[in-house]
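A.B. asks: Quick one, what's the 3D model for this:
(4 chains)
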Protein chains: 2
Amino acid sequence: MTTPLEPPAIAERELCGLVNGLAQQIADHVRERAITLGLTAAQATALREMTGPMTMRELAERMSCEPSNATFIVDKLEKQGLIERRAHPTDRRAKQLVLTLEGNVLRERLLELLVQDSPLAGLTAQQQRALQDLLEQAIIRP
Amino acid sequence: MTTPLEPPAIAERELCGLVNGLAQQIADHVRERAITLGLTAAQATALREMTGPMTMRELAERMSCEPSNATFIVDKLEKQGLIERRAHPTDRRAKQLVLTLEGNVLRERLLELLVQDSPLAGLTAQQQRALQDLLEQAIIRP
DNA sequence: ATTTCAAGCTTGACTAGTTCAAGCTTGATC
DNA sequence: GATCAAGCTTGAACTAGTCAAGCTTGAAAT
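C.D. replies: Below you'll find the predicted structure:
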């Protein structure tokens, strides 16, 4: 059943495992840091993606989840006073999400925490650049 | 509030975003392929990590989750006849997890599917090797 | 204008996944 | 032997996520 004659497939399996491993470490890292701020991982992701005012749909797309799920997450952030649903200036159907002052402060703290002790800290700046180039090429843009 | 004087931190934020992006693509890929085999993503992960007989705790560690969660996942796999809980040969407290014949077959099919059309297919063999080197160095081994 | 259809969001029901605390059996230590 | 720790399971609780249904609104066609 073993196929020692196909080194490329085996290597790619390993590579997938490595990427998965790194992804998991990053996910764990995000979760740990988020918890210290009283956030869950999903809430932290939402906060991270809130680079500016946007609609629910935009946020959902950035988080690659369904709008109904974004509703759920934004509910939590709203209860904590981190985000606001405002009337969209041009489309009355849509909500415009805006971070509160508190939300912005927490977002900055989160981003700082995420960089500190990141799983990528073991690489030199040059290596990080090389990794970035490879990842940019690997990631399929739809 | 913005700090334009710290380019390295900004770059690392981007890099984190890239790794997260790749991780999400891989996760989506895993989920899609798993579904075609009648598995959920978590079940597929468990199957992938079952490189040989191991205890519940070992599997939980490989999946980086709590043992109780492993119980939950293994229950599902056991109901599908893919895995067996056997008595551990030396420790009567522990269970020894073993894939059934069917489980092994499905695992091989899964691993093949995961390699096909992987998000990493856009890289040449040489680039994949370079990526592997970087990831191996980046990943912290605890 | 009016109708029709699509877009944006929410709600409710449901499922999977996850953690935690509690409890049981067994192994190891003193 | 008694005690404590390890391995696993159970049950309760919660997060996250999907899907279908429904409401409001915008856009497009008639």
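
A.B. asks: where does stretch A:30-42 sit relative to the chain's centre, distance-wise?
C.D. replies: Distance of stretch A:30-42 from the chain centroid (C-alpha atoms, centre = their mean, to the nearest Å) equals 12 Å.

A.B. asks: and whatever residue of chain A ends up closest to chain B, what is it in contact with?
C.D. replies: The minimum distance from chain A to chain B, using C-beta to the nearest C-beta, falls at A:A23 (2.9 Å). Placement of C-beta: from N, CA and C, glycine included. Residues near A:A23 by C-beta atoms under 8 Å, 6 or more residues apart in numbering or on different chains: B:19-20, B:22-24, B:26-27.

A.B. asks: same thing with A:R33?
C.D. replies: Going by C-beta under 8 Å, 6+ apart, A:R33 touches A:44, A:110, A:113-114.

A.B. asks: any idea how far it is from B:C16?
C.D. replies: Here the criterion is C-beta to C-beta, to the nearest Å. By it, A:R33 lies 11 Å from B:C16.

A.B. asks: Which pLDDT value goes with the residue at minimal distance from the centre of chain A?
C.D. replies: With distances taken as C-alpha atoms, centre = their mean, chain A has A:T45 as the residue nearest its mean C-alpha position (4.3 Å). As predicted, A:T45 sits at a pLDDT of 92.

A.B. asks: Pick out the most distant pair among the contacts of A:A23.
C.D. replies: Greatest spacing in the contacts of A:A23, by C-beta to C-beta: B:V19 and B:A27 (12.2 Å).

A.B. asks: which of these two has more neighbours?
C.D. replies: Shown here are B:V19 and B:A27; by other C-beta atoms under 10 Å in any protein chain shown, B:V19 has more neighbours (24 against 18).

A.B. asks: surely that one meets A:L22?
C.D. replies: Yes. Counting by C-beta atoms under 8 Å, B:V19 touches A:L22, with 6.1 Å between them.

A.B. asks: quick one: the helices in chain A?
C.D. replies: For chain A, the helices defined by DSSP state H occupy A:7-36, A:41-49, A:56-62, A:67-79, A:101-115, A:125-138.

A.B. asks: hmm, who's touching the second one?
C.D. replies: When contacts are taken as C-beta under 8 Å, 6+ apart, the neighbours of helix A:41-49 outside the stretch itself are A:27, A:30-31, A:33-34, A:37, A:39, A:59, A:62-63, A:70, A:73-74, A:76-77, A:82, A:99, A:103, A:106-107, A:110-111, A:114.

A.B. asks: quick one: that helix near DNA strand C?
C.D. replies: No. Applying C-beta under 7 Å from any atom of the strand, one finds helix A:41-49 separated from DNA strand C by no less than 9.9 Å.

A.B. asks: That helix near DNA strand D anywhere?
C.D. replies: Yes. Applying C-beta under 7 Å from any atom of the strand, one finds helix A:41-49 in contact with DNA strand D at A:41-43.
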